[in-house]
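In: build me a structure from this.
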Amino acid sequence: MTQQAKIDTGGGETAEKGPPVVHRAAGLTSAEVAERVARGEVNDVPVRSSRSTPDIVRANVFTRFNAIIGVLWVIMLAVAPIQDSLFGFVIIANTGIGIIQELRAKKTLDGLAVIGEAKPTVRRDGVAAELSTSEIVLGDLIELGPGDKVVVDGEVAEADSLEIDESLLTGEADPVVKKRGDRMMSGSFVVAGGGAFTATKVGREAYAAQLAEEASRFTLVHSELRTGISTILKYVTWMMIPTALGLVISQLVVKDDNFKDAIARTVGGIVPMIPEGLVLLTSVAFAIGVVRLGRKQCLVQELPAIEGLARVDVVCLDKTGTLTEGGMDVTELRPLGGADEAYVRKVLGALGESDPRPNASLQAIIDAYPETVEWRCTESLPFSSARKYSGASFSEGDGENSTWLLGAPDVLLKSGDPTLTEIDHLNEQGLRVLLLARTVHELDSSEVAADARPTALVVLEQRLRPDAADTLAYFADQNVATKVISGDNAVSVGAVAAKLDMAGAENTVDARKLPSDREGMAKVLDENAVFGRVTPQQKRDMVAALQSRGHTVAMTGDGVNDVLALKDADIGVSMGSGSEATRAVAQIVLLNNSFATLPSVVAEGRRVIGNITRVATLFLTKTVYSVLLAVLVVCSQVEYPFLPRHLTLLSTLTIGVPAFFLALAPNKERARPNFVRRVMRYAIPGGVIAAAATFATYLLARHYYTGPDALGAETSAATLTLFLVSMWVLAIIARPYTWWRVALVATMGGAFLLVLAVPWLQNFFALKLVGVTMPWTAVAIAAAGGALLEVAYRWVSRRFPA
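Out: Reported below is the predicted structural model:
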């Protein structure tokens, strides 16, 4: 028989469970800990919930486009007035904003990570206390219970039916039973039983730390936004190189009498090709999303998880801890077969005392039946989600020995047992029912549940989360399918779902009857919404089956039985009160344990995706018209129409300032795939029309104006056309209109008029409209371009739907 070890009862006291007496180790002394700290034998692996400050600065400063713009800026400072170097100051401001926002996000993440950090129980000087993982030293004795994560490598010192899941490390799904002297690997977690182990490897020598060095926790989940922007930037770079070279050569040939002006106009053509603010605004949008969610006690462990949850179309929910609160209450005790209720209470009291780390169900029984009995626990079998029951053997003090099981009635009883009918009636009311049964077999026998004699039913009431119904209604309204997958009785799970008005609650499926093949399982999952008696492995299989049908799956959970499914889901969401293992594998941790926070995460993701799609269209329209203008200039062998100051002004008013507001605005549009296609289908026609209209105005102005100041007048007319067409693009992108969007567009237009009206601003930006005919011609060409934009956008929307 296995033997229950002494259990810590707090304050260093111990309670013995059965002969022979097991003297538990006291752990290291304070002096031994101090020695090891002095030798550097400390678990000093940093918690990397976010990038370090130098990484953030480096990532924002040393970019490909900053390098190009930096070189061009230095050239402009040498050959032209300060007005033509304004673009360099804009880049410095952009980089500064990016760094500040990411540092804010880092501060939020790091603060929340400390709250959500695992705190293992370490025994020192005979007293158990929770410590930070970074305080563990070599040789420390670390206690374990169900759901605890093994934080460093070690060797088992105490084992009480200790079962470890090493699937995150080895891929092997079956739990491994550990005995004294067995090796423990960091990164594994306890699924049943308890014990303690001695740390043999700490810090970077530990197995999980070595894995983390190769792929730290800042490794990103797949982000279509980031991938799409990288793809766009790659093609932009390839377009820029030959166009820029052609522009340099053509301007030097055309302006052979004025080298400095040729350089200034060449730089003026190259700078706007670079969508420098796009990457910045994407980072800022993600960073601000993290800060906003942080205020709601939501820890985002991987930034693109915000985006990922917005793309989710199926959310799998574990009932316990998600739809219901963690605690339960015993509402009724029903003795069966004439059993004595007083004796049953004693048995339940003894079972409660036999488990040092009770789950929520057993804790409710302990609270209801705190009877202390002089029984000795001679053997125990901890609860596991795979078995669905726990057990213990007792010497009752009067020479009588008994063995008891407590768990799922439909697992412990044979099909057709009359007691099951009684239980079904209780389950239909949403109540949870446990069966207390006496067995004649040894606990370590594979037949332990066979012929178990039902003795009593323990009826538990689950506390529904007050916000669960509203959250389910939100997902239904957003066309996100919800699936409840629980290890509890299927009828009981269905009754809870029905209380929350969940669609499909009346058709509950018992997972034991699910097809084992992936296609068959996927079909049943698509047709039903509530599943009971699901094993941990089945949860994982269900996630995979849904993904095989093209679904983007989010999984929420808080228990150790949810870990495998959380890891395999596209987005894993854990409750802050969940097990250490669950929190470690989840991308999003709800530290306030509120399921109602999820809609905020979805809304934040939609805001980021929808707004970055809008903003990217603005930036890439500018890139397209800049490249086309350069090509037209090279082919026509004329001077480039703009100086850097002109395009800095246009970029600021039609892209920079509006993009900042649009990127951070509320946006509830559903996230859709094909980011690159959706952006380019508007950016290409917009850029082509803007370039054609601007170049047409420029050529007409070249024929209209003569004299030494003709180039300045030609530039001003072309700038007017380009500004008006760009404003039209902005007006289309800003739809649907709200009062602040109309005000934003109007303010940008007013700012340009101010530049044209105020003499010193005219001189500063070298913008002066000459005469009446050509400026109004520029306006007419812009109006024609605007009409073409409307036609093109409507045609594109029909021809290439998103």
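In: okay, CA-based contacts and neighbour counts for the rest of this
Out: Will do.
In: secondary structure class for Leu753?
Out: Here Leu753 is recorded as helix under DSSP: H, G, I helix; E, B strand; the rest coil.
In: what number of residues lie near it?
Out: Neighbourhood size, Leu753 [other CA atoms under 10 Å]: 11.
In: please shift the residue numbers so they start at 622 in all later answers.
Out: Sounds good: first residue 622 from here, last item Leu1374.
In: spatially central residue in this structure, please.
Out: Central residue check for the chain by CA atoms, centre = their mean: the C-alpha nearest the mean position is that of Ala926, 2.6 Å away.
In: hang on, isn't that residue packed against Gln1208?
Out: Yes - judged on CA atoms under 8 Å, Ala926 makes contact with Gln1208 at a distance of 6.3 Å.
In: overlap in contacts, the two.
Out: When contacts are counted by CA atoms under 8 Å, 6 or more residues apart in numbering, the set common to Ala926 and Gln1208 consists of Ile1192.
In: if we can go back for a sec, look at the residue nearest to the centre of the chain and report its pLDDT.
Out: Per-residue confidence at Ala926 stands at 78 (pLDDT).
In: how about the helices in the stretch 722-871 of the chain?
Out: Secondary structure of the stretch 722-871 of the chain by DSSP state H, counting those that start in this stretch: the helices cover 788-791, 828-835, 845-875.
In: go through the ones you listed and find the least confident stretch.
Out: helix 828-835 (a mean of 52).
In: neighbours around Glu1148, how many?
Out: For Glu1148, using other CA under 10 Å, the count is 9.
In: same question for Ala1132.
Out: Using other CA under 10 Å, Ala1132 has 22 neighbouring residues.
In: and for Lys1134?
Out: By other CA under 10 Å, 8 other residues sit near Lys1134.
In: go on, Glu1021?
Out: 9.
In: next one: the one 4 residues further on
Out: Neighbours of Trp1025 under the rule other CA under 10 Å: 28.
In: ok, Phe818 next?
Out: If you count neighbours by other CA under 10 Å, Phe818 ends up with 26.
In: excluding chain neighbours, what is closest to it?
Out: Spatially, and ignoring its direct neighbours in sequence, Phe818 is nearest to Val777 (4.2 Å; CA to CA, 6 or more residues apart in numbering).
In: and that neighbour, how far from Val823?
Out: Here Val777 is placed at a distance of 15 Å from Val823 (CA to CA, to the nearest Å).
In: Thr1234 too?
Out: 45 Å.
In: these two: who's more crowded?
Out: Neighbours were counted for Thr1234 and for Val823 using other CA under 10 Å; Val823 has more, 27 against 21.
In: that one touches Arg657, doesn't it?
Out: No - if you go by CA under 8 Å, Val823 and Arg657 don't touch, sitting 11.3 Å apart.
In: give me the common contacts of those two.
Out: Shared contacts of Val823 and Arg657 (CA under 8 Å, 6+ apart): Val663, Val758, Leu759.
In: and the last one, what does it touch?
Out: The neighbourhood of Leu759, defined by CA under 8 Å, 6+ apart, consists of Arg657, Glu662, Val663, Asn664, Ala820, Thr821, Lys822, Val823.
In: distance of the last one from Val1248?
Out: Taking CA to CA as the measure, Val823 and Val1248 are separated by 56 Å.
In: follow-up on the earlier one: the residue nearest to Phe818 reaches Lys800, doesn't it?
Out: Yes - with contact defined as CA under 8 Å, Val777 counts as touching Lys800 (6.6 Å).
In: looking at these two, which is more packed in?
Out: Counted by other CA under 10 Å, Val777 and Lys800 do not tie: Val777 has more neighbours, with 22 against 17.
In: how about that one, what does it touch?
Out: For Val777, the contact set (CA under 8 Å, 6+ apart) comprises Lys799, Lys800, Arg801, Gly802, Asp803, Arg804, Met805, Gly816, Ala817, Phe818, Thr819.
In: what about the lengthiest helix in the chain, distance to the chain center?
Out: Taking DSSP state H as the criterion, the chain has its longest helix at helix 1219-1257. Averaging C-alpha positions (CA atoms, centre = their mean, to the nearest Å) puts helix 1219-1257 24 Å from its chain's average.
In: list the helices and strands that helix packs on?
Out: With contacts defined as 3 or more CA pairs under 8 Å, 6 or more residues apart in numbering; DSSP states H and E, helix 1219-1257 has these neighbours: helix 845-875, helix 880-891, helix 897-916, helix 926-932, helix 1089-1098, helix 1278-1285, helix 1296-1325, helix 1331-1354.
In: what do you get if the cut-off is 6 Å, keeping everything else the same?
Out: In terms of contacts (3 or more CA pairs under 6 Å, 6 or more residues apart in numbering; DSSP states H and E), helix 1219-1257 is packed against helix 926-932, helix 1278-1285, helix 1296-1325.
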